[in-house]
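>>> Build me a model from this:
(one chain, ligands or ions: 2)
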Amino acid sequence: MNAAANVTAKVIDGRAFADRLGTRIAVAARDFAARAGRAPGLAVVLVGTDPASEVYVRSKGRMARKLGMESFEHVLPETASQDQLMALVARLNADAAVDGILVQLPLPKGLDSLAVIEAIDPAKDVDGLHPINAGYLASGLPGLVSCTPYGCLMLLRDSLGSLAGLDAIVVGRSILVGKPMAQLLLAENCTVTMAHSRTQDLPGKIGRADIVVAAVGAPEMIRGDWIKLGATVIDVGTSRVEQGGKMRLVGDVDFAGASLRARAITPVPGGVGPMTIMTLMHNTLIAAHRRAGMPVPNLS
Ligand SMILES: Nc1nc2c(c(=O)[nH]1)N[C@@H](CN(C=O)c1ccc(C(=O)N[C@@H](CCC(=O)O)C(=O)O)cc1)CN2
Ligand SMILES: [Mg+2]
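Ligands and ions are numbered 1, 2, ... in the order given. You can find the predicted model right below:
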């Protein structure tokens, strides 16, 4: 733990961690292909032309191919109907070459993302968002875990070892990050507080936490001086802000201020983001093994 307020935190390098995990996934994917007679297959669905989503979808396809997986990319127009999207999901559910299905979020206005998520075969739900997989997680049963929180957990375990007994706060309650993150931390025997827009005395609650996971999408809303000395800070937020005439990517946490109090902190970019894509590859590998009736390799 930092003894004084002016010790600089260790910066957690999510990109390097993701690269190392990727090397192990590539070996396991090659082994799967040799035994199953086909590569693990990931289908990525993009609806519309949101520039950030286009970048993420392209990165996912590129990474799948780089690691020796088959990538199936489906792009529907902004004007696609709910029925068209549901029909595509049904086709992918029935396609034996597809182990993982991911529908990039957010969907254009007018489309019901929860209905789409519920239509995905839970065994292929590599985003871990289907209520069946959320239920497995809450029940401590093996399912598929949402990619970003799974990546955050890997970084926390790597940085801290055992998390048992630590006070953790998760700021944000989305089904994509906040809720599954809280379940994962609870399963690690943390005492978990879930904070959200109606939480009272957020600075006080953050100030008591050994682990802070920030996932609200509000640029630098968590001030550095709220952080407990020696805490570990995981910043999931990515917001583009203008500074001095230039666009800059920032997280939910004031990185410079928090670095003076935390023992370790993820940067933005280069922290949680790269883990999101690599845990998706990991989930695809897991889904492929389960669907083929093969034991899931332990890559940790
Ligand atoms: N179906 C899903 N939709 C979305 C998810 C998801 O997990 N499943 N997560 C986010 C977007 N996302 C992946 O889809 C994602 C976000 C950020 C990064 C990333 O690597 N970020 C970099 C910075 C990139 C930049 O410069 O813009 C970083 O933080 O270092 C990867 C994936 C919402 N939608
Ligand atoms: Mg990041």
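>>> Let me see the contact set for the spatially most central residue of the chain.
The residue lying closest to the centre of the chain (CA atoms, centre = their mean) is Thr148, at 0.9 Å. Contact partners of Thr148, counting by CB atoms under 8 Å, 6 or more residues apart in numbering, are Leu176, Val177, Met181, Ala215, Val236, Val272, Met275, Thr276, Thr279. Every residue, glycine included, has its C-beta placed from N, CA and C.
>>> Farthest-apart pair in those residues, please.
The largest separation in the contacts of Thr148, counting by CB to CB, is between Ala215 and Thr279 at 14.8 Å.
>>> Can you give the distance of stretch 239-257 from its chain's centre?
What separates the centre of stretch 239-257 from the centre of its chain is 21 Å, taken as CA atoms, centre = their mean, to the nearest Å.
>>> Could I have the CA atoms of it written out in PDB?
Coordinates of each C-alpha in stretch 239-257 appear next as PDB, following Å, rounded to 0.1, in the frame of the first residue of the first chain:
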ATOM      1  CA  SER A 239     -15.300   9.200 -23.600                       C
ATOM      2  CA  ARG A 240     -13.900  11.400 -26.300                       C
ATOM      3  CA  VAL A 241     -13.400  15.000 -25.000                       C
ATOM      4  CA  GLU A 242     -12.000  18.100 -26.600                       C
ATOM      5  CA  GLN A 243      -8.900  19.500 -24.900                       C
ATOM      6  CA  GLY A 244      -6.800  22.400 -26.300                       C
ATOM      7  CA  GLY A 245      -8.400  22.000 -29.700                       C
ATOM      8  CA  LYS A 246      -7.700  18.200 -29.900                       C
ATOM      9  CA  MET A 247      -9.900  15.200 -29.200                       C
ATOM     10  CA  ARG A 248      -8.700  13.000 -26.400                       C
ATOM     11  CA  LEU A 249     -10.000   9.700 -25.000                       C
ATOM     12  CA  VAL A 250     -10.500   9.800 -21.200                       C
ATOM     13  CA  GLY A 251     -12.000   7.400 -18.700                       C
ATOM     14  CA  ASP A 252     -14.500   7.900 -15.900                       C
ATOM     15  CA  VAL A 253     -11.700   8.500 -13.400                       C
ATOM     16  CA  ASP A 254      -9.400  11.500 -13.200                       C
ATOM     17  CA  PHE A 255      -6.300   9.400 -14.000                       C
ATOM     18  CA  ALA A 256      -3.600  11.900 -12.900                       C
ATOM     19  CA  GLY A 257      -5.300  12.700  -9.600                       C
END
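>>> Any buried residues in that stretch, and which?
Of all the residues in stretch 239-257, those buried under the rule 16 or more other CB atoms under 10 Å are Ser239, Val250, Gly251, Asp252, Val253, Asp254, Phe255, Gly257.
>>> try stretch 105-118
Across stretch 105-118, burial judged by 16+ other CB under 10 Å covers Leu105, Leu107, Pro108, Leu111, Ser113, Val116, Ile117, Glu118.
>>> Now the strand or helix carrying Arg20: buried residues?
Per DSSP states H and E, Arg20 falls inside helix 14-36. For helix 14-36, the neighbour count (16+ other CB under 10 Å) marks 14, 17-18, 21-22, 24-26, 28-29, 32-33, 36 as buried.
>>> by contact count, what packs against it?
Judged by 3 or more CB pairs under 8 Å, 6 or more residues apart in numbering; DSSP states H and E, the packing partners of helix 14-36 are helix 51-66, helix 147-160, helix 272-291.
>>> cutoff 7 Å now
Other helices and strands packing on helix 14-36, by 3 or more CB pairs under 7 Å, 6 or more residues apart in numbering; DSSP states H and E, are helix 147-160, helix 272-291.
>>> Any residue of the first one touching ligand 1?
Yes: applying CB under 6 Å from any ligand atom, one finds that helix 147-160 is in contact with ligand 1 at Cys147, Thr148.
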